[in-house]
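Asks: Any chance you could fold what I've pasted below:
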Amino acid sequence: MRRDDPRALKYIVDHLKPGTVIERRFEVANKSGSRREVQLYPGAAQISDNRFLFADGRTPNELTRWTSVRPAVLRLKPWEKTEAKVTIKVPGTATPGERYAVVWAESGTPPDATHNVGSVVRVGTRVYLDISNSGEYADFRIEKIVALRNKKGLPSVVAHVHNTGRRALDLRGKLVLSDGPGGLSAGAHPVTEGTTLPPGGTGTVRVAGLDKSLPDGPWTARLHLESGMVQRDFSARLIFPKPGGASVAWAVITSNRRVWYAAAGILLTVTGATMSFLRYRRYRRRSSTGNQTRVPSV
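Replies: Got it, this is the predicted structure:
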C-alpha cells in the first residue's frame, strides 16, 4: 500500500504485475458560478529533458489504452462537486517497464455571438505505472553540488543527481546553510520543483532565492532531496564564487573518512515543468475489498 508515499497523494503511482486491475476514485469540483460540462479522459505523457511532458488533446499511448474513466462526461451545477473513477487494466501480456499518462478533466467554452475565440481549460493528475513480475526498485544518488553567482551577484546552488533505480523521480527538498563566516546561518531554502528524472537518467535541481548579500563562506551545506519514500542527503563545505563564477563540492570516500573538496566547475541548468492536479481519493482493488484514503486538494 502507498498511503505513506507523498507522491501517491498527488499522482497515481503504482507497481503492478501483468494481468492486474486497479481503480482510483477522484473528485471533480466546479469552482465557478456557471454550469460546466466536463469531459474526463486519459492522455499520453512522457519524460523528456528531465521534465514530465503531456501530449496534445487525446493523444494515446500504451497506458491510455489500458485506462478508462467513468463517467466520460460530467455536467456540474455552479459550485457542485462529484466523483468519477479511473480503471487501469494491465493485460497479461504486458512487458516490463514504466509507463506515463495523465487523467484529464477538460471544460471548454465555444465561440458565440460576442466571443470570436473559444477557450479550453483542463487540469489533470499524472500516472506513473511500472509493470514487472519482480519487486519495485527506486533509488538515486546526489553526485555533487555547485555554488554559483550570476553576473549580477545573485547566489544559487545546483545539485547533480543520478537516478540509479527503475522508477521515475519527482525531486523536491531543501538546502540548509550553516557554520558560515563568524558562525552565521543562512537558514533553509527549498529546491525549485519540476525536475523529473527517468530511470537511469541524470539531471540537476536548483536552489534559488538566496540573498545577494550572502557571504562567500565557507559554509556547511546540507542538501536533502526526496522523491516519494526515497530520501537522500548530501553535506559539504561550500564556497560561493565571485560574480559570474562557479565552484563545485563533492565527496570522496577514503576508508571510513569522508573528505570534501572544492574546485572550479561548469554550470548545468535545468528548467522545470508545472501542472495543475485533480483532487482525488485513492482506491486500490486487488480483491473484493479495498482501503480508502482521503486526499486533500493539491
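Asks: can you pull out the helices in the protein?
Replies: Using DSSP state H, the helices of the chain run over residues 62-66.
Asks: so how far is residue 228 from residue 171?
Replies: According to Cβ to Cβ, to the nearest Å, residue 171 and residue 228 sit 10 Å apart. Every residue, glycine included, has its C-beta placed from N, CA and C.
Asks: Looking at these two, which has the bigger crowd around it?
Replies: Comparing residue 171 with residue 228 by other Cβ atoms under 10 Å, the one with more neighbours is residue 171, at 26 against 21.
Asks: Can you name the residues that contact the more buried one?
Replies: Under the criterion of Cβ atoms under 8 Å, 6 or more residues apart in numbering, the neighbours of residue 171 are 140, 161, 191, 193, 195, 196, 197, 205, 225, 226, 227.
Asks: try it again with 10 Å
Replies: Residues in contact with residue 171 (Cβ atoms under 10 Å, 6 or more residues apart in numbering) are 50, 140, 142, 159, 161, 163, 191-197, 203-205, 225-227, 230, 232, 270.
Asks: And residue 234, how close does it get to residue 178?
Replies: The spacing between residue 234 and residue 178, counted by Cβ to Cβ, is 14 Å.
Asks: Residue 40 too?
Replies: Per Cβ to Cβ, residue 40 is found 48 Å from residue 178.
Asks: Neighbour count: these two, which is higher?
Replies: Comparing residue 40 with residue 178 by other Cβ under 10 Å, the one with more neighbours is residue 40, at 23 against 14.
Asks: I figured that one hits residue 75, correct?
Replies: No - contact criterion Cβ atoms under 10 Å: residue 40 and residue 75 do not qualify, at 11.8 Å.
Asks: Need the overlap of contacts for these two.
Replies: Shared contacts of residue 40 and residue 75, defined by Cβ under 10 Å, 6+ apart, are absent.
Asks: which stretches of the chain have low pLDDT?
Replies: 1-2, 110-118, 250-298 (pLDDT under 70).
Asks: Nearest residue to the middle of it?
Replies: residue 170 (3.2 Å; Cα atoms, centre = their mean).
Asks: contacting residues for that one?
Replies: 6-7, 10-11, 13, 52, 126, 128, 193-197, 226-228.
Asks: Repeat that for residue 126.
Replies: By Cβ under 10 Å, 6+ apart, the contact set of residue 126 is 7, 10-13, 45, 52, 54, 100-103, 168, 170, 196, 275, 277.
Asks: Could you identify the buried members of the residues you listed?
Replies: The neighbour count (16 or more other Cβ atoms under 10 Å) marks 7, 10-13, 45, 52, 54, 100-103, 168, 170, 196, 277 as buried among the contacts of residue 126.
Asks: Among the contacts of residue 126, which ones are in strands?
Replies: Judged by DSSP state E, strands contain the following of the contacts of residue 126: 12, 13, 45, 52, 54, 100, 101, 102, 103, 170, 196.
Asks: Looking at these, which one is closest to residue 187?
Replies: Nearest to residue 187, judged by Cβ to Cβ, of those is residue 170 at 24.4 Å.
Asks: From residue 91, how far out is the closest one?
Replies: To residue 91, residue 170 is 27 Å away according to Cβ to Cβ.
Asks: ok, now residue 194?
Replies: Counting by Cβ to Cβ, the gap from residue 194 to residue 91 is 33 Å.
Asks: So which of these two has more stuff around it?
Replies: A count of neighbours by other Cβ under 10 Å puts residue 194 above the other of residue 194 and residue 91, at 19 against 13.
Asks: Go ahead and confirm the more buried one touches residue 204.
Replies: No - contact criterion Cβ under 10 Å: residue 194 and residue 204 do not qualify, at 11.2 Å.
Asks: out of the ones in strands among the contacts of residue 126, who's nearest residue 62?
Replies: Distances from residue 62 to the ones in strands among the contacts of residue 126, taken by Cβ to Cβ, are shortest for residue 101, at 9.0 Å.
Asks: Can you name the residues that contact the closest one?
Replies: Neighbour list for residue 101: 12, 42-46, 54-55, 60-67, 86, 88, 124-129 [criterion: Cβ under 10 Å, 6+ apart].
Asks: Look up the residues forming beta bridges with the closest residue to residue 22 other than its chain neighbours.
Replies: In space, and not counting its chain neighbours, residue 22 is closest to residue 88: 5.2 Å by Cβ to Cβ, 6 or more residues apart in numbering. For residue 88, the beta-bridge partners under DSSP bridges are residue 22, residue 67.
Asks: try residue 104
Replies: Applying DSSP bridges, one finds that residue 104 bridges with residue 41, residue 124.
Asks: ok now do it, which residues does it touch?
Replies: By Cβ under 10 Å, 6+ apart, the neighbours of residue 104 are 38-43, 54, 57-58, 69, 122-125, 278.
Asks: Right, I'll call it a day here.
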